[in-house]
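Chemist: using only what follows, build the 3D model:
(chains A and B)
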Number of protein chains: 2
Amino acid sequence: MTLIDRLTALLGPAHVLTGQECAPYTSEWLGKYHWQPLAVLRPADRDQVSAILRIASETGTPVVPAGGRTGLVGGTEAQGRLMLSLERMNRIREVRPEARIAIAESGVILSRLHDAAAECGLYFPLWFGARGSATIGGALSTNAGGSNVLRYGSTRALCLGIEVVLADGRVLNLMSELHKDNSGYDLKDLFIGAEGTLGVITAAVMKLVPAPRAHATAMLALPSLDAALTLLNRLQAATGGLVEAFEFMPRSYQELLLARRPDLGLAFDRFHDVTILVELGATAPRDCTPGPDGTIPIVALLEDTAAAMMEEGLVTDAVVATSEAQRRTLWARREAAAEIGTPLSGPMVDTDICVPLDKVATFLARAESGVAALDPGAFPHCVAHLGDGNIHFAVFPTREDPELMEAMVRVVEDAVQDLGGSFSAEHGVGLSKLGSMRRHKDPVALDLMRTLKGAFDPGNILNPGKVLP
Amino acid sequence: MTLIDRLTALLGPAHVLTGQECAPYTSEWLGKYHWQPLAVLRPADRDQVSAILRIASETGTPVVPAGGRTGLVGGTEAQGRLMLSLERMNRIREVRPEARIAIAESGVILSRLHDAAAECGLYFPLWFGARGSATIGGALSTNAGGSNVLRYGSTRALCLGIEVVLADGRVLNLMSELHKDNSGYDLKDLFIGAEGTLGVITAAVMKLVPAPRAHATAMLALPSLDAALTLLNRLQAATGGLVEAFEFMPRSYQELLLARRPDLGLAFDRFHDVTILVELGATAPRDCTPGPDGTIPIVALLEDTAAAMMEEGLVTDAVVATSEAQRRTLWARREAAAEIGTPLSGPMVDTDICVPLDKVATFLARAESGVAALDPGAFPHCVAHLGDGNIHFAVFPTREDPELMEAMVRVVEDAVQDLGGSFSAEHGVGLSKLGSMRRHKDPVALDLMRTLKGAFDPGNILNPGKVLP
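Modeler: Numbers count the residues shown, from 1 in each chain, chains lettered A, B, ... in the order given. Predicted structure coming up:
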């Protein structure tokens, strides 16, 4: 029996796609990578995943696990490989509101978990643009971040337990619901963020949190990034840490937004060097219950802080959302980032870097001047989860020149390294950051990672060629 | 040159202790394990640690890293081995209040970091009885918990970066200050909680948090554990998650306290089945600023919640601290746990288990009846970080009978396993939980842990015989 025959016998012909049938699975969201898989496999359950990996191990066939394929670094590239799509494993097994957990299979789309949590008055705080396509398994495999990391942490911080199928088909059951467990090494966190190179995550126990019952959302214009940090610290102090999102959109972002999505409008009637989308989320009655004049206390806290800073000249303009519709409008301008941040035509250099909070301004100055020195006509722009020090810095160069573009990446990453930052904050490594791993990762760390890969996947069948250069 | 000569040449004679000089290093806090090390080494810095491990690797000599030796599972037992004491590496390198981090060497004692944070108006939230002796390195190596895990997480959640010396003496620099970093596998969390079996942690970047400016602390008597869960959920809802500690002391605990530490008194004039020490911590002005009548809002929130539950019969008695001295008195009764929880003479069985929050009552009923069936005269007692589902369940059996005591451990751990819990919540495995690891840990997980140990420490020189059975 050929490999495909064996897989077809296992999964049924409807779930082993080959040739043209693979078309929907041959690129990722950005369209930067294209591939033709050997076959796309759609297992129904964990045992089928296990059987697939046993066959793959036996035959030395590389397997690329995939969720919603909304990743940004080519992590699901699968040229000539078996693509293991977890899309059919999309059951939310259980939501236990009192315990504040949801148990979900890997193929569950994030927005379905958002809905399931909301039905119980709870919230699943992993929130980013691609939430309508991205899956739990993909988010875990890339340790996805998003807009709420500041308050709730990345995917890793939201996960209590996982189930993993290993390269040889064995099932590792780490489906803990516990908040404390010191019984041996922390295996769970090794698989989270490993981009499918150490095992295939098939299910997870995820944390839910009380749903904010009131939001205070505003777009603020500020004179500088220093003023923005002051704003963040004052809001955290005034509210006791209720800042859920603190998103930076500089002048270049506003220019792109106006040019590409004029329908969304701008918050202010002129461009500002620094605009911040801030959102507070409150659950307690003392913050959520409207006063006699209808004021919601958490909104008043935001307004008071902004007003005080305006008197000091540290905030220059402000729009506070007074309805859910206005809140959505403010967010739509931020969530257009992925769309407006790619060029209509021509090349693009994009990065996903992290620096310590107090070094963001220094980083931007260095990166922009470095890029300008290489290509004076280039258009550098960014959007940032400023509360995490995470900047999506990108450049539209004037010409498609691989050497120039590579030089731009290096200028940016050298600044990052110099400031104690990371060249990959939340998108992962995949294929597109392999060079950065080679150049910037501590060699001892890289060596240990290779040791781990060799120990967990000796046949190198799990997403080979990704993550480790 | 002998091994000791080489080490003496490296560290100086004052820092290589042998024979009788080792006396202060020959047992742990509980006095359950005693040993005579080959020598006690006191390196001054990371490079000396590295040189020691190179020599140990070359000569195949086992090395046991040690901090304050306040562990409870025999993790620093070092019979015939080199004990590597990190006590001289006790520099707090840096406290950066704006970035909310402290960078400390492993030998820094927790209470020193508490003091250093307090000087900046910040708080280092790792808090347990042994904080005056325990070190950062020990806390990281055991992923220590304590009384504030409910709000701030275990040691792992408080750590941004570590520096580790590997078995072969290489230095792994993971001293990140970043809140987001997806550049490859999560090595850091593998060393945290590994009890010195994968590497020696020599320094760390730890998170600080805003210091609570007001506390609300109370001892409450309740009719049942179900009522206690209701109390926890209502307090979290009323305050938006400000519960810092939620400690359960049953009737047996109160009996022990009165017998052993009558000077500390009891909160109530009679024994109750369920008493809870609860503490809220607030940082925001709306919670901390006294009203016109002097009431502190966070205290009022606690009082109102307790009063409402009293009307419903869900709280039967309450003492709310109205001064810092009263708060200290309430806490002293909880912090006496380690002292009163050991027998004056005779044997003891102790455990450190975790079950899902809603299964604590079931666990206690099963464990107590199981123990009574084995030894009707035994005295079972416990104290619990109830907000985490973490119970320190112990028994004073009527006789020193290893078989009986082993049977008691099994009865407890079988109940734990059945309820989806862990036999080691926060103390780790060390020597004393090796049997539990063998009996209860998923065999695939155990196999992967052994693979990791073999890959990171092929000569098995790092704390051999601990953690893995």
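
Chemist: can you give me the buried ones in the least confident helix or strand in chain A by mean pLDDT?
Modeler: Least confident helix or strand of chain A, by mean pLDDT, DSSP states H and E, is helix A:337-340 with a mean of 88. Neighbour-count burial for helix A:337-340, counted by 16 or more other CB atoms under 10 Å in any protein chain shown, picks out A:337-338, A:340. Where you see a C-beta, it was placed from the backbone N, CA and C, and this is true even at glycine.

Chemist: give me the helices and strands touching that helix, please.
Modeler: Here helix A:337-340 touches helix A:251-260, going by 3 or more CB pairs under 8 Å, 6 or more residues apart in numbering or on different chains; DSSP states H and E.

Chemist: what comes up buried for the helix it packs on?
Modeler: A:252-254, A:256-257, A:260.

Chemist: let me see the mean pLDDT of it.
Modeler: Helix A:251-260 comes out with an average pLDDT of 95.

Chemist: what does it contact?
Modeler: A:249, A:264, A:266, A:271-273, A:275, A:333, A:336-337, A:339-341, A:344, A:379-383 (CB atoms under 8 Å, 6 or more residues apart in numbering or on different chains).

Chemist: now, those that are in helices?
Modeler: Using DSSP state H to define helices, the subset of those located there is A:333, A:337, A:339-340.

Chemist: ok, back up a step: pick the one among the buried residues of helix A:251-260 closest to chain B.
Modeler: residue A:253 (19.8 Å; CB to the nearest CB).

Chemist: and the closest one, how far is that from residue A:424?
Modeler: 21 Å (CB to CB, to the nearest Å).

Chemist: next: residue A:300.
Modeler: Distance from residue A:300 to residue A:424, by CB to CB: 39 Å.

Chemist: the more surrounded of the two?
Modeler: residue A:424 (27 against 15; other CB atoms under 10 Å in any protein chain shown).

Chemist: name the residues linked to the more buried one by a beta bridge.
Modeler: residue A:352 (DSSP bridges).

Chemist: contact partners for it?
Modeler: A:73, A:352-353, A:433, A:436, B:181-183.

Chemist: farthest-separated two in those residues?
Modeler: Taking CB to CB as the measure, the contacts of residue A:424 span a maximum distance of 14.4 Å, between A:73 and B:181.

Chemist: tell me which residues are up against the longest helix anywhere in chain A.
Modeler: Across chain A, the longest stretch assigned as helix under DSSP H is helix A:402-418. The contact list for helix A:402-418 (CB under 8 Å, 6+ apart) reads A:347, A:349, A:351, A:353-355, A:363, A:366-367, A:370-371, A:373-375, A:378, A:393, A:395, A:397, A:422-423, A:435-436, A:439-440.

Chemist: with stretch A:332-343 instead?
Modeler: Contacts of stretch A:332-343 (CB under 8 Å, 6+ apart): A:30, A:129-130, A:147, A:219, A:247, A:249, A:253, A:256-257, A:259-261, A:264-267, A:277, A:348, A:350, A:381, A:383, A:392, A:394, A:396.

Chemist: all helices of the stretch 101-250 of chain A, in order?
Modeler: Ranges of helices within the stretch 101-250 of chain A are A:110-118, A:136-142, A:149-152, A:188-191, A:225-239, based on DSSP state H, counting those that start in this stretch.

Chemist: got the ones you listed as CSV, with mean pLDDT columns?
Modeler: As requested, the helices of the stretch 101-250 of chain A are exported to CSV (pLDDT from 0 to 100):
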stretch, mean pLDDT
helix A:110-118, 98
helix A:136-142, 98
helix A:149-152, 94
helix A:188-191, 98
helix A:225-239, 94
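
Chemist: and among these, the most buried is which?
Modeler: helix A:136-142 (a mean of 30; mean count of other CB atoms under 10 Å in any protein chain shown).

Chemist: check whether that helix contacts chain B.
Modeler: Yes. For helix A:136-142 and chain B, the contact criterion (CB under 8 Å from any CB of the partner chain) is met by residue A:142.

Chemist: chain center to that helix: distance?
Modeler: Taking the mean of its C-alpha atoms, helix A:136-142 sits 9 Å from the chain's own mean (CA atoms, centre = their mean, to the nearest Å).

Chemist: what's that helix packed up against?
Modeler: Judged by 3+ CB pairs under 8 Å, 6+ apart, the packing partners of helix A:136-142 are strand A:63-66, strand A:101-105, helix A:110-118, strand A:200-207.

Chemist: can I get the ones you listed in TSV with distance to residue B:468?
Modeler: Below are those laid out as TSV (distance: least, CB to CB, whole Å):
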stretch	distance to residue B:468
strand A:63-66	29
strand A:101-105	29
helix A:110-118	36
strand A:200-207	24
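
Chemist: to residue A:445, which of these lies closest?
Modeler: Of the helices and strands packed on helix A:136-142, nearest to residue A:445 by CB to CB is strand A:200-207, at 22.5 Å.

Chemist: now do that closest one, average pLDDT.
Modeler: Strand A:200-207 comes out at a mean pLDDT of 98.
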